[in-house]
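Visitor: Could you work out the structure for the sequence below:
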Amino acid sequence: MLKRKGVCLFWLGMSVFLFLITGCGAPRPEETKELPYLQESTDVRESAGQSSLPAEREPAGAHDASEQGTEKTTTVVLYFADNNGYLAAYRKEVPKVTGIARLTLHELCQGPPADSGLYPTIPPGAALKDINIKEDGLAVVDFNQDLKSKHWGGSTAELLTIYSIVNTLTQFPAVKKVQIFIEGERVQTLAGHLDISEPLQRDGSLIKAGKDGG
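Guide: Numbers count the residues shown, from 1 in each chain. Below is the predicted model of the structure:
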């Protein structure tokens, strides 16, 4: 009985000894490795710390580049023809630029969208060559020869062409009258019916009722 008890004490002592020298099987400090997800987390935090600088510490011009890529816009009114012989206002959003009158006439020359139900007033190929708005409110606009040579003809069509230009331009407060030139020269008429040798004022009677956006 005493012999068996002595054996038990021996093995108990050996177990305690092994526990102390192995530390429950834990690796030595030099063998310890950080888990992958913890290492990734540390890298992410360091990266975030480098990129999240206060706004005032960002490089000069950082905001300027983004603002230049976002153009401000404005809405202009273009007057196209409807199927009843009137002008109809078509509103279009365009970039807000210094030469807004020039840009607006360029849009007028492009004609209305196919699904708008409206018709172009400017002949194909006709284009604005120059525009000069004077201090007294007179806008002198110079078109290429196609405005005259490629016009469809007819008194109504001629009237709508001329006043689509005049009414589109006079939506701007700086423009009171419009003088139309062809290739830098004053002309008597566009298609033989309307005298355009002198400056013209806005004519709201040609605009379809309820559609005037000027």
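Visitor: Show me where this protein dips below the pLDDT cut-off.
Guide: Across the chain, the ranges flagged by pLDDT under 70 are 1-70, 210-214.
Visitor: which stretches of it form helices?
Guide: 2-22, 36-51, 62-69, 100-110, 146-149, 155-169 (DSSP state H).
Visitor: what about Lys96, how many residues close to it?
Guide: Using other CB atoms under 10 Å, Lys96 has 13 other residues around it. All C-beta atoms are positioned from the backbone trio N, CA, C, and that covers glycine.
Visitor: OK, contacts around it?
Guide: Counting by CB atoms under 8 Å, 6 or more residues apart in numbering, Lys96 makes contact with Glu71, Lys72, Thr73, Thr74.
Visitor: Could you export those residues to CSV, including columns for neighbour count?
Guide: Compiled in CSV, these are given as follows (neighbours: other CB atoms under 10 Å):
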residue, neighbour count
Glu71, 10
Lys72, 8
Thr73, 12
Thr74, 13
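Visitor: From the residues you listed, pick the one nearest Tyr90.
Guide: Thr74 (14.9 Å; CB to CB).
Visitor: Please verify my assumption that Ser155 contacts Thr189.
Guide: No - in this structure, Ser155 is not within contact of Thr189 by CB atoms under 8 Å, at 10.6 Å.
Visitor: Who's the closest spatial neighbour of Lys129, skipping the chain neighbours?
Guide: Spatially, and ignoring its direct neighbours in sequence, Lys129 is nearest to Asp142 (4.6 Å; CB to CB, 6 or more residues apart in numbering).
Visitor: List the contacts of Leu103.
Guide: Counting by CB under 8 Å, 6+ apart, Leu103 touches Val76, Val94, Pro95, Val97.
Visitor: Distance check, the third one against Gln179.
Guide: It refers to Pro95. According to CB to CB, to the nearest Å, Pro95 and Gln179 sit 27 Å apart.
Visitor: next one: the last one
Guide: Val97 sits 23 Å away from Gln179, taking CB to CB as the criterion.
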